[in-house]
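*Asks:* here is a sequence together with a model predicted from it:
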Amino acid sequence: MKKLKVKELNKENFANYGTIIEKPNIVADADEPTHKWWGGVASLPAEGDINVGLMEAKKRSYNLGKLEKHKKSAEMLIALEGNSIIVIGTNKKEDLNAFYIKQGSVLVLNKEILHWVPFPNGENAYFAVIFRDETPNDDLEFIELEEKIKLVL
């Protein structure tokens, strides 16, 4: 079984896969008595309507045997509850990386980025998943790995 070391998530080591949305450290576009607004912090390219779903990632062993990707839509993951690990990569299976995701993190995965359901660090974790409306029906490409990969903490 291959091994994959899990890394801390930051903008530099995630740049090839998408965008991390974090609390901005720049001047707001608008600063009102009721709120501040930063526009355009990320985009979610998709063909058609956008779908918001909820996913419960179940606690399981840190063994990866399958990946998926979407050609018609980027995918946004919002870690609502629990810390997790996500495995992602470019179109080359040998370019996989594993990152810790803290509760409250927001990630945008680019189109065609390989990924799989996050692995919770404790009990089950909950995510909002946002992508093109028809993605579950016509844009799920699954890739079975020839050899399973064990995540190394």
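*Replies:* Alright, I've got the coordinates.

*Asks:* all contacts plus neighbour counts: C-alpha atoms, from now on.
*Replies:* Fine.

*Asks:* over to the residue of the chain positioned farthest from its centre. Which of the three states is it?
*Replies:* No residue in the chain sits farther from the centre than residue 33, which is 33.6 Å out by CA atoms, centre = their mean. Of the three states, residue 33 takes coil under DSSP: H, G, I helix; E, B strand; the rest coil.

*Asks:* enumerate every residue touching residue 127.
*Replies:* Applying CA atoms under 8 Å, 6 or more residues apart in numbering to residue 127 gives the contacts 54, 55, 56, 57, 77, 78, 79, 80, 81.

*Asks:* distance of the first one from residue 88?
*Replies:* Spelled out, that is residue 54. Going from residue 54 to residue 88 by CA to CA, to the nearest Å gives 20 Å.

*Asks:* more neighbours: these two, which one.
*Replies:* The neighbour comparison of residue 54 against residue 88 (other CA atoms under 10 Å) goes to residue 88, with 24 against 13.

*Asks:* now do the helices in the chain.
*Replies:* With helices called from DSSP state H, the chain shows them at 11-14, 135-138.

*Asks:* in JSON lines, list those helices along with mean pLDDT, distance to residue 42 and mean neighbour count.
*Replies:* Formatted as JSON lines, the helices of the chain follow (pLDDT from 0 to 100; distance: least, CA to CA, whole Å; neighbours: other CA atoms under 10 Å):
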{"stretch": "helix 11-14", "mean pLDDT": "92", "distance to residue 42": "13", "mean neighbour count": "13"}
{"stretch": "helix 135-138", "mean pLDDT": "92", "distance to residue 42": "20", "mean neighbour count": "12"}
